[in-house]
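For reference, the sequence and a predicted model appear below.
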Amino acid sequence: EEVQKVIDTEISKLNSLEPSSPEFNVCRTYLEWLTCLPWGKFTSENRDIKKAESILDEDHYGLEDVKERILEHIAVSFLKDSTQGKIMCLV
């Protein structure tokens, strides 16, 4: 798979780096992150905007404009049936 290729590449890179190198820790952390993901496990998609809003309200006090923007982003993604190429930058 693609993921296995990335992991193999990162392991090769890690083997060639000095442990004292800053890049070593970045590479190792990335590998740890990759191996902790639940690959192959899927859940059914939940398209309940009201539930998303309640979760945001429970977990994040304030930040109303940010939460509104996130909900808009989710709603548009559902309407377009795609999230491809979307990156949110909240400043």
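Thanks, I have the structure now. Source: prediction; values computed, not measured.

quick one, helices of this protein?
In the chain, helices defined by DSSP state H lie at 2-16, 22-36, 49-59, 64-80, listed in chain order.

From the contact counts, what lies against the second one?
Right, the one you point to is helix 22-36. Secondary-structure packing of helix 22-36 (3 or more C-beta pairs under 8 Å, 6 or more residues apart in numbering; DSSP states H and E): helix 2-16. (Each C-beta comes from the backbone N, C-alpha and C, glycine too.)

related to what we said a few turns ago, nearest to residue 42, out of the helices of the chain?
Closest approach to residue 42 among the helices of the chain (C-beta to C-beta): helix 2-16, 14.7 Å.

okay, the closest one in CSV with CA atoms only?
Extracted C-alpha coordinates of helix 2-16, given in CSV (Å, rounded to 0.1, in the frame of the first residue of the first chain):
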residue,chain,number,x,y,z
GLU,A,2,0.9,3.7,-0.2
VAL,A,3,1.2,3.9,3.6
GLN,A,4,3.7,1.0,3.7
LYS,A,5,5.8,2.8,1.1
VAL,A,6,5.8,5.9,3.2
ILE,A,7,6.7,4.0,6.4
ASP,A,8,9.5,2.2,4.6
THR,A,9,10.9,5.5,3.3
GLU,A,10,10.8,7.0,6.7
ILE,A,11,12.5,4.0,8.3
SER,A,12,15.2,4.2,5.7
LYS,A,13,15.6,7.9,6.4
LEU,A,14,15.7,7.3,10.2
ASN,A,15,18.4,4.7,9.8
SER,A,16,20.6,7.2,7.9
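
any idea how far residue 38 is from residue 55?
Going from residue 55 to residue 38 by C-beta to C-beta, to the nearest Å gives 20 Å.
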